[in-house]
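Trainee: pasting the structure only:
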């Protein structure tokens, strides 16, 4: 029997100590759980927010109702550009979307015979989407008569089509467009096709693809009708008569997210926008940053580990690198803007371009790469070097054939981790290229850029429904890229690194 | 031995490739040296540009006004004010909130990971924490603005404003927490197990070992991690720029908006400030202050690690 067993006083004291210990242990456990849970909850919110935005564009029009609204100045609820949220949820179908008889009537009349009742519609949707499908698309292609029924005034004698332009174009756009013979670019089956450029607004081109498509391809794919709306066009179009409908039913949130991933940015509405420009921007910047920083970083590490004598200069470089690694990234942004983008009076100014961003980020992650590459070089045992020196190899030969091959996997790991940090870096790039509206995919290093983190901030700052949801989508993409890079780094480390 | 023509010849023959090799070696060495010097060049550029611009700034604004007054309105056309305290105050306020969250949670997490966690659990939790440390800060800012602030409003602070220091600080605490816990855990892990075993040997419980032996032994590393985390919080930009707004406030208000040093830099740099304009110089002055603050903290942390580390064996 132990002492504790005999003496009740000691036993009591021991128990108290034990209890205290257990209490403390659970306290420490809970603290880590609290931290992880808090973040998990927040990230779950992001995911939920990302899935709330459903890229369903159903364009409807009830007879006589004017849909011509300016997207930007008019509140979205005035606009019959209908965003259907939560269409996957059977209960919400009725509440959110079908509660407005006008809309219901609109879609049914629009479908014009193809589907007559609401039940038919949902049956069609369910049938088309099924359980296996990630996303289903149902298109209603209006019949020819439906398409051209209202288009009068333009009369093509050969096939008796009656086209009424006033219905197609109304309000300011009709004035701006001013159909003229000179604008006829081609004839399809003898029917004239116009292409008009509206430059008065937003410097953007409004190609009347609707009309063109309608004339070219009556009864055909109505997708191009939508494409004009998805581009960055002003929305003063009244598109009655030739409007076609398209509903994408997304059975799974991931399908909705994948839609937003593949679209370009747009200020017309979150449902029309996407993050593909930012993804390309990120890939450009990170790729260039890797190309610039990896050789420089590993070169510096080789110098410090293999060449430099332990002396004052080496010491200064070391301390310097350690300190640079601790400088706030926004400070790098100031330097990047002043010296790299604006030239600082010494260099040719590069402007707020991809190459300027990549150089700035390279400066930022260089210290991290040097530090991790040095670790990798140090892990190669000296016996390897001595053996090579022993048979008469020069220093460079030793480095090239004996040290680098074994140190590279480790160095790569460090570089990938540093790059995954660079991907998330916002502050320095915000200074270089914040809030640039980039609705195109960059294709050279001197292009303007946007990257995912900046895009996220842009979406937060943009007013309008749905942009924060789009920001959530961008966050998911960013996190997936980042986690993917981390995973690659870990796999590399585990597979290629050898133990000595 | 005298140099005979034949041995002279021999030497020439053997020297020729050697010299070429020597030249090549020197070139390669030079390339690597250049790579190493880039960091020096970067620092030189930092110091040069910042000193020059800050000097310019203080030609116009007196140091007394900069540090002695409490109104920051550099954009005002008629009467610009350059008192740094609103920016500095907001920075310190947010950092304090972050530190209040991150220090206890981080330290306790570290103690759990190092002393209590079963091996398997530790193998899972540690990478999770490391991944959390890598989440981009703009994401944290987004979370603070869109989820934390509404939550705080609905649960505890009905008066909280859309932009506020509290949610920015809380989220920032979450951001620096992995850093605190990971570095502290490293420090505790480095304490030799002989110390643990000795303590167990005289009958200490795990709790007593953790709190009375391990934490004191690793105190220098723990303190250093705190200071590094503070430095990181001070330099953090996106969370405050997004969630705290860009309105300078004095005195700093926990539930209202404010502008930190970093947020000011972003605010001006994303505006239309021309290079060379007075307002652009103020960015450098603020950046310099930020640079000095974080550098000082980093150096203190480095000093504590090297000076006060408990040496064993």
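Mentor: Cool, the structure landed. None of these values were measured; they are calculated from a predicted model.
Trainee: Could you report the pLDDT at residue 32?
Mentor: This is for chain A. Taken from the predicted model, the pLDDT recorded for residue A:32 is 87.
Trainee: that's the wrong chain, I meant chain B
Mentor: The model reports residue B:32 with a pLDDT of 91.
Trainee: Grab the nearest non-local neighbour of whatever residue of the stretch 151-300 of chain A ends up closest to chain B.
Mentor: Proximity to chain B, evaluated over the stretch 151-300 of chain A using CB to the nearest CB, is greatest for residue A:299 at 3.1 Å. Bear in mind the C-beta positions are built from the backbone N, C-alpha and C, glycine included. With CB to CB, 6 or more residues apart in numbering or on different chains as the criterion, residue A:299 has its nearest non-adjacent residue at 3.1 Å, and that residue is residue B:35.
Trainee: gap between the residue nearest in space to the middle of chain B and residue A:34?
Mentor: For chain B, the residue sitting closest to the mean C-alpha position, by CA atoms, centre = their mean, is residue B:232 at 2.7 Å. When distances are taken as CB to CB, to the nearest Å, residue B:232 and residue A:34 turn out to be 20 Å apart.
Trainee: residues near the residue in the stretch 51-200 of chain B positioned nearest to chain A, how many?
Mentor: Among the residues of the stretch 51-200 of chain B, residue B:136 lies nearest to chain A; the distance is 2.7 Å by CB to the nearest CB. With neighbours defined by other CB atoms under 10 Å in any protein chain shown, the count for residue B:136 comes to 23.
Trainee: Surely it and residue A:425 touch.
Mentor: Yes - with contact taken as CB atoms under 8 Å, residue B:136 and residue A:425 are classed as touching, separated by 7.4 Å.
Trainee: between the two, what contacts are shared?
Mentor: Between them, residue B:136 and residue A:425 share these contacting residues under CB atoms under 8 Å, 6 or more residues apart in numbering or on different chains: residue A:453.
Trainee: What's the mean pLDDT across stretch A:445-464?
Mentor: What stretch A:445-464 shows for mean pLDDT is 82.
Trainee: buried sites along that stretch?
Mentor: Going by neighbour count (16 or more other CB atoms under 10 Å in any protein chain shown), the buried part of stretch A:445-464 is A:445, A:447-460, A:462, A:464.
Trainee: Is chain B within reach of that stretch?
Mentor: Yes - applying CB under 8 Å from any CB of the partner chain, one finds stretch A:445-464 in contact with chain B at A:453-454, A:456-457, A:460.
Trainee: same question, stretch A:348-359
Mentor: No - Stretch A:348-359 is not in contact with chain B by CB under 8 Å from any CB; minimum separation 9.0 Å.
Trainee: Show the contacting residues for the nearest residue to the residue of the stretch 51-200 of chain B closest to chain A once chain neighbours are set aside.
Mentor: With sequence-adjacent residues excluded and distances taken as CB to CB, 6+ apart, residue B:136 is closest to residue A:424, at 2.7 Å. Contacts of residue A:424 were listed using CB under 8 Å, 6+ apart, and they are A:453, A:478, A:482, B:134-139.
Trainee: Now rank those by neighbours and give me the top one.
Mentor: In terms of neighbour count, residue B:139 stands highest of the contacts of residue A:424 at 31 neighbours, by other CB under 10 Å.
Trainee: Could you verify my assumption that that one touches residue A:479?
Mentor: Yes - using CB under 8 Å, residue B:139 is in contact with residue A:479, at 7.2 Å.
Trainee: How about stretch A:306-321 and chain B, any contact?
Mentor: Yes - using CB under 8 Å from any CB, stretch A:306-321 comes into contact with chain B via A:306-308, A:316-317, A:320-321.
Trainee: per-residue pLDDT, the residue of the stretch 351-500 of chain A found nearest chain B?
Mentor: Among all residues of the stretch 351-500 of chain A, residue A:424 sits closest to chain B, at 2.7 Å; criterion: CB to the nearest CB. Turning to residue A:424, the model gives it a pLDDT of 85.
Trainee: just to revisit the earlier point, let me have the residues of stretch A:306-321 next to chain B in CSV, adding pLDDT, secondary structure and neighbour count as columns.
Mentor: Converted to CSV, the residues of stretch A:306-321 next to chain B look like this (pLDDT from 0 to 100; DSSP: H, G, I helix; E, B strand; the rest coil; neighbours: other CB atoms under 10 Å in any protein chain shown):
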residue, pLDDT, secondary structure, neighbour count
A:306, 88, helix, 19
A:307, 88, helix, 18
A:308, 85, coil, 19
A:316, 84, helix, 13
A:317, 85, helix, 22
A:320, 87, helix, 18
A:321, 88, helix, 26
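Trainee: what are the phi and psi angles of the nearest residue to residue A:324 once chain neighbours are set aside?
Mentor: The shortest distance from residue A:324 to any non-neighbouring residue, by CB to CB, 6+ apart, is to residue A:367 (4.3 Å). When read as degrees, to the nearest 10, the backbone of residue A:367 gives phi -60, psi -40.
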